[in-house]
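Visitor: below: sequence and its predicted model.
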Amino acid sequence: MEAAQRSHTADANWAERIEKWFQSWGTVLVALVLFVIFSLTAEYFFTLQNFQNILRQVAIVAVVAIGMTMVILIGGIDLSVGAVVLSSAAVMNSLLFNEVVPAVPAIIIGLLAAALVGFINGLLIVKAKISPIIVTLGTMVMIRGLGQMILWINNSWLWVRHPIFTYIKTETIGSIPVPAVMMFVLYVFAVIMMTKTRFGRHIYAIGGNERAAHLCGIPVDRTKILVYVFTGFISGIAGIMMSARLSAISPGVGLGLEFEVITAVILGGTSLAGGVGKVEKTLLGAIIVAAILNYMTIKGISAHYQRAVTGFIILAAATLDQLSRGRTSS
Amino acid sequence: MTTQTSMRSYRITIGRIFQRFGLPMMILAMITVFASLNENFLGFSNFQNVLEQNAALAIVAVGITFSIISTQIDLSPGSVIALVGVITAIIFRDTGNIILAIVVGISAAIVIGIFNGALIAKLNLNPVIVTLAAYIWARGLALALTQKDSVIIQSPMVGFMNNRIGGLVSPTMILVVLAYLLGFFMLNKTRLGRYTYALGGDEMATKQAGVPTDWYKIGIFIFSGFLVGIATLITVSRMGAAQPNAVYGLELDAIASVIIGGVSLSGGEGRLRHTIMGVIFLSLLNNGLSTLGLRDATVLFYKGLVILTALFFEVSSRQMLKDEIIENPV
């Protein structure tokens, strides 16, 4: 019995190794293949200017996706991020537009407001034990309303005119656009946080088995609330980037952003069941989506069909992921 | 001993009072507030309006009840209504045959249900991912097929659906009642209903008992697809046109009303009467806020706030009840 098992293992060894390799490098491979195909079939795709475009497009989604990855890792979800991006941008710009405070305090107040929304989400989810999807659904509606109220006080549109936003919008550092630089810095920070700090280890432990994590003495409640606070905060940073990208904040800003972000996280291979996934792969997922959309734009496909295709990309990614997982576990 | 047990099981506790009367009390409070702010709120014609305005929500909520009891949340209905409405309108525009258009429309809704159900049941994909993808691609297709324009439907059907027979009931209202009767029958009298509970209670055990769970999962999606088709018919005939941007966020309203009504998101329990109460709550909220003449932003804010409060009471009363049962086992 044991011998039979051992020979079976030897046979499966190679297949297993390939599958393991594919599981950790599959997303990279898919990204590379897509970039080669796109570069060969679309003339304009492989140019510095286009790569800058892709990076500008991806930055906001990718930054919010850092928080979303952490939320999904602990088995939650956050639908309120789009509304938080709107509200924090509205707070910052209304303070600046009406010249209440200088730039730095205005931005800090905007970020704190965003973190506060995350804190409310976390409290309701952890302490009142309401399911994350429902809580963040409620805050999504409420915070969007609040953001729009701030806009309404300012005649329903807010012009972005502070030089700090113009700088982020137009400048590049070593030919990398400033929003993309912010994105890369945040990702480096997030990867270090997830792999080297206790907070990161706690996140994986809670996602793997919350009960066990609790029994091991991990402060489950505190960690979970902190994850939601962090997600709110980083959505606030995305609010800065959103202000920079647009010349005016309108009531529809960030509408549906939560679903783009979740797409990036899923495409990066993070399991919705929690505990499995990596932040850096989410960045890759976000870049893949942006590259596909960019390619379709170059090819003259309408934005609406692009949206339909995005839906099918999610299905394809989930199917591939499930097939590779399914075989390994059996 | 026996009397003691029965005494204990009928003990009146705070959790039980909240569980039983919490929502009716909140509905009463809401009616009082809206009636004092708006004298027409309690009129019979407003009652008819409430029913007709929220007919699509009420019907979709029946399907969502099945999905939530069986732990397969469905985020797609709003987008599917938009897509199916567009398909129906285009077929009517090109053929002039309203019966054909309706039949194809409802079939399309069912086919999308089968597609989603098959991905979940046969490929083992996560329901959130699959229906999130449908939420995105169905809306994208609806927008792409119409280039974002409305398609007007000039058919006597539209007038017929909105015509109140004898000034009392319109076919729209009758369809709502029929949908609930069908829902009651399916949930309580058929195998599909019984296995809906079993799937939510313990899917593994159900499977091991020899139940073809895959087919019942797909069956639930077929049933809710059919209801989405009916809801599309109502939505389209209320507006006299198919709008690719229609009923944005309907699925979230439906999910919120099912949960507020008292169906547990963890599955396996809940009744259609819970859904009815939740739908009444949300319908009155929608109608009451819309008749106050507030800004969209303010409506969103209050709606989110009320939904969160209601959820908080619902979930915490259920938690309280659970704790009471653990402390004093029956």
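Guide: Sure thing, it's come through.

Visitor: every contact and neighbour count from this point should use C-alpha atoms.
Guide: Will do.

Visitor: what does the stretch 1-150 of chain B put close to chain A?
Guide: Along the stretch 1-150 of chain B, the residues adjacent to chain A under the rule C-alpha under 8 Å from any C-alpha of the partner chain are B:123-126, B:129-130, B:132-141, B:143-144, B:147.

Visitor: can you tell me which of these are in helices?
Guide: Here DSSP state H is the test, and those give B:129-130, B:132-141, B:143-144 as lying in helices.

Visitor: wait, which of those is closest to residue B:326?
Guide: Each of these was checked against residue B:326 using C-alpha to C-alpha; the closest is residue B:129, at 35.2 Å.

Visitor: buried ones among the residues of the stretch 1-150 of chain B next to chain A?
Guide: Among the residues of the stretch 1-150 of chain B next to chain A, those that count as buried by neighbour count (16 or more other C-alpha atoms under 10 Å in any protein chain shown) are B:124-126, B:129-130, B:132-141, B:143-144.

Visitor: is any residue of the host helix or strand of residue A:148 near chain B?
Guide: Secondary-structure assignment from DSSP states H and E places residue A:148 in helix A:132-153. Yes - part of helix A:132-153 sits close enough to chain B to count as contact by C-alpha under 8 Å from any C-alpha, namely A:134-135, A:137-149, A:152.

Visitor: how about that helix: buried residues?
Guide: Going by neighbour count (16+ other C-alpha under 10 Å), the buried part of helix A:132-153 is A:132-152.

Visitor: skipping its backbone neighbours, what lies nearest residue A:175 in space?
Guide: With sequence-adjacent residues excluded and distances taken as C-alpha to C-alpha, 6 or more residues apart in numbering or on different chains, residue A:175 is closest to residue A:52, at 7.9 Å.

Visitor: low-confidence ranges, the stretch 201-330 of chain A, go.
Guide: Applying pLDDT under 70 to the stretch 201-330 of chain A flags residues A:325-330.

Visitor: which single residue of it approaches chain B most closely?
Guide: Residue nearest to chain B within the stretch 201-330 of chain A (C-alpha to the nearest C-alpha): residue A:308, separated by 3.7 Å.

Visitor: count the residues that sit near that residue.
Guide: Counted by other C-alpha atoms under 10 Å in any protein chain shown, the residues lying close to residue A:308 total 22.

Visitor: the strands in the stretch 51-200 of chain B, which residues?
Guide: Remark: strands of the stretch 51-200 of chain B, listed N- to C-terminal, are B:151-152; assignment by DSSP state E, counting those that start in this stretch.

Visitor: now the helices for it?
Guide: Counting by DSSP state H, counting those that start in this stretch, the stretch 51-200 of chain B has these helices, from start to end: B:55-69, B:77-95, B:98-122, B:127-146, B:156-162, B:171-189, B:191-201.

Visitor: quick one: which of those is nearest residue A:45?
Guide: Each of these was checked against residue A:45 via C-alpha to C-alpha, and the shortest separation belongs to helix B:127-146, namely 24.1 Å.

Visitor: what does that closest one contact?
Guide: Contacting residues not belonging to helix B:127-146 are listed as A:259, A:302, A:304-312, A:314-315, A:318, B:72-80, B:82-84, B:86, B:116, B:119-120, B:148-149, B:244-245 [C-alpha atoms under 8 Å, 6 or more residues apart in numbering or on different chains].

Visitor: same thing but at 7 Å, please
Guide: The list of residues contacting helix B:127-146 from outside it, by C-alpha atoms under 7 Å, 6 or more residues apart in numbering or on different chains, reads A:304-305, A:307-312, A:314-315, B:72-76, B:79-80, B:82-83, B:86, B:116, B:120, B:244.
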